[in-house]
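*Asks:* Show me how the following folds:
(chains A and B)
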Amino acid sequence: MSDNSILLEIDNITAGYNGEVIIKNARFNVFEKDFIGVIGPNGGGKTTLIKTILGLIKPFSGQIKYYGENSNDQLIGYLPQVHYVDKKFPISVRDVVLSGLMSKNRMIKRFTKKEKLKADEEMEKMGISGIRKKPIGELSGGQLQRTFLCRSLISSPQLLILDEPNNNVDNKFESDLYKILRELNKTIAIMMVSHDIGIISTYIKTIVCVNRDVHYHQSNIINEEQLRAYNCPIQLITHGEIPHTVLKTHVHDH
Amino acid sequence: MLIELFSYKFFINAIIASLLTSISCGIIGTYIVSKRIVFISGGITHASFGGIGLGYFLGINPIIGAITFSIMSALGIEFMSKKTDIREDSAIAIMWSFGMALGIIFIFLTPGYAPNLMNYLFGNILTVSRLDIYLSLCLALGISIFFILFYKPIIYISFDEEFSRTRKIRVNILNYILISFVALTIVLSIKVAGIILVISLLTIPQASVNLFFKDFKKIIWYSILVGFSGSMGGLLVSYYLDIPSGAAIIFMLVIIFILFKIYSQFKKSLSPSGG
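*Replies:* Prediction:
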């Protein structure tokens, strides 16, 4: 990883809400083509960390430096948790996808032909072009996530941040998602919050443990002792033949 | 007999006022219904009563007082719920009852009696003045232009505010402008349906249209149509049956909603697989 250049430098961040500190000592770098798994118990501050990186929360101290080729607001694509959006909102799949192109300096300008083609292309890739005119209220959980994934990718970000993308979706989407992420990871960096870290361990390159304190673990193998040292009591999802290993590497190619 | 009606100036004014109100309410109503901020709008409506009371007390046009109070309460609710730790619905309830209380106190303190008070509470579209029409015209134009220019950011912010913030859209300023338009629309519709009923002008057409259409723009267009038809129907009913126009208009709108609902159920039962 070290031969790749830095996209983001998270420099000793302390952050939270209403003056209350939720996360502290967050200090790590995000490199090009990184794949970071963010783990930790509920309420430990995973979402706070992500919101700080996205600029939704101003940190109490420390700073985040953005280095990518893209301008600041085009650097990161964001896939929020799916359940908080209002599914009855009168908006079509295509409009949701196009909304990913909005930015500070284009409030009025219409979408160009090229941008609309880009939207069609993204929807084609994600297998949702057949439903592009449908209102989002008629979609399944998986289709909705594909729509949001298109929205976060249409701006060609260099880093994609996903907040528990495998919640409330069907198994079909989940397995597709990992294929899509692996393909994307060939060109862009990915940072993913997940409970079900066992399944994605194959793709993860590094781990961030968040439980108030933020620890960066520069490997995708982690064991119970290390988790204890990081004060990160997550539920162990042991799979494979080595019981004390939470995340198992798969060295073979699929 | 119907032709004769059109020779009355007040009737022509009422038609123009309902058309302009239907345009503003069609657009703003679609915004508040989609964003689920109907309760905020209820709060703003009742808070504006404080301004009406102040208008009587100071001897100025109560509508001017209502405009001031409604915009202040709208901005106040938006600010209180976003920047302080007061819950939004509590902030709304505080503004709602505080405005009403102030209105009652001011009217009580005003010597003599308050003329036309009933018109503000229950609406009377036949009393719209030339000033009301000019104000409604400015508002309908202002809202239309604003929504044409900023249509995309408006629906994106309403749909997913947090994502819009990650795209660095100027969410706060747009929200403050929009909530001010909500306040103005409410106040200038008070003459049509009154404080107590005005919220239905902003919600019943949208709820009816939403049974058939799930597209923001279509909901706007058809809500304007439904709102205007309901107002015309109500106006005629109120004339022939000699009942208050505000209540008649709302009654017509509810009838339209019920008919639409029955039709949509009927359509659904005919095509069980079509969804």
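
*Asks:* Return the helix or strand in the chain with minimum mean pLDDT.
*Replies:* I'll assume chain A. helix A:197-200 (a mean of 62; mean pLDDT, DSSP states H and E).

*Asks:* Contacts only, for the residue in the stretch 151-275 of chain B that chain A sits nearest to.
*Replies:* Per Cβ to the nearest Cβ, residue B:214 is where the stretch 151-275 of chain B lies closest to chain A, at 3.5 Å. For every residue, glycine as well, the C-beta is placed using N, CA and C. Under the criterion of Cβ atoms under 8 Å, 6 or more residues apart in numbering or on different chains, the neighbours of residue B:214 are A:90, A:135, A:137, A:138.

*Asks:* Okay, now the unreliable bits of chain A?
*Replies:* A:1-3, A:70-73, A:196-200, A:223-225, A:228-231, A:233-254 (pLDDT under 70).

*Asks:* Give me every residue in the stretch 101-250 of chain A lying close to chain B.
*Replies:* Within the stretch 101-250 of chain A, the positions near chain B by Cβ under 8 Å from any Cβ of the partner chain are A:102, A:103, A:104, A:107, A:108, A:135, A:137, A:138, A:151, A:155.

*Asks:* now with 6 Å?
*Replies:* By Cβ under 6 Å from any Cβ of the partner chain, the residues of the stretch 101-250 of chain A that approach chain B are A:102, A:103, A:104, A:107, A:108, A:135.

*Asks:* which stretches of the stretch 101-250 of chain A form strands?
*Replies:* A:159-163, A:189-193, A:206-211, A:213-217 (DSSP state E, counting those that start in this stretch).

*Asks:* centre of the chain versus the third one, how much separation?
*Replies:* Centroid separation between strand A:206-211 and its chain, computed with Cα atoms, centre = their mean, to the nearest Å, is 13 Å.

*Asks:* How about stretch B:259-270?
*Replies:* Relative to the mean C-alpha coordinate of its chain, stretch B:259-270 is positioned 27 Å out (Cα atoms, centre = their mean).

*Asks:* Just the buried positions in that stretch, please.
*Replies:* residue B:260 (16 or more other Cβ atoms under 10 Å in any protein chain shown).

*Asks:* at contact distance from chain A, anything in that stretch?
*Replies:* No. Using Cβ under 6 Å from any Cβ, stretch B:259-270 never reaches chain A; the gap is at least 13.9 Å.

*Asks:* Let's see that stretch as PDB, backbone CA atoms only.
*Replies:* The C-alpha atoms that make up stretch B:259-270 are tabulated as PDB, following Å, rounded to 0.1, in the frame of the first residue of the first chain:
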ATOM      1  CA  LEU B 259     -63.800  10.200  -5.000                       C
ATOM      2  CA  PHE B 260     -60.100   9.800  -6.100                       C
ATOM      3  CA  LYS B 261     -59.500   7.300  -3.300                       C
ATOM      4  CA  ILE B 262     -62.500   5.200  -4.300                       C
ATOM      5  CA  TYR B 263     -61.400   5.300  -8.000                       C
ATOM      6  CA  SER B 264     -57.900   4.300  -7.100                       C
ATOM      7  CA  GLN B 265     -59.200   1.300  -5.000                       C
ATOM      8  CA  PHE B 266     -61.500   0.400  -7.900                       C
ATOM      9  CA  LYS B 267     -58.600   0.500 -10.400                       C
ATOM     10  CA  LYS B 268     -56.400  -1.600  -8.100                       C
ATOM     11  CA  SER B 269     -59.100  -4.300  -7.600                       C
ATOM     12  CA  LEU B 270     -59.400  -4.500 -11.400                       C
END
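
*Asks:* what's it in contact with?
*Replies:* Outside of stretch B:259-270, the residues that reach it under the criterion Cβ atoms under 6 Å, 6 or more residues apart in numbering or on different chains are B:208, B:211.

*Asks:* Backbone dihedrals for the residue of the stretch 151-275 of chain B closest to chain A, please?
*Replies:* Taking degrees, to the nearest 10, you get phi -120, psi 30 for the backbone angles of residue B:214.

*Asks:* Kindly report the same for residue A:22.
*Replies:* phi -100, psi -50.
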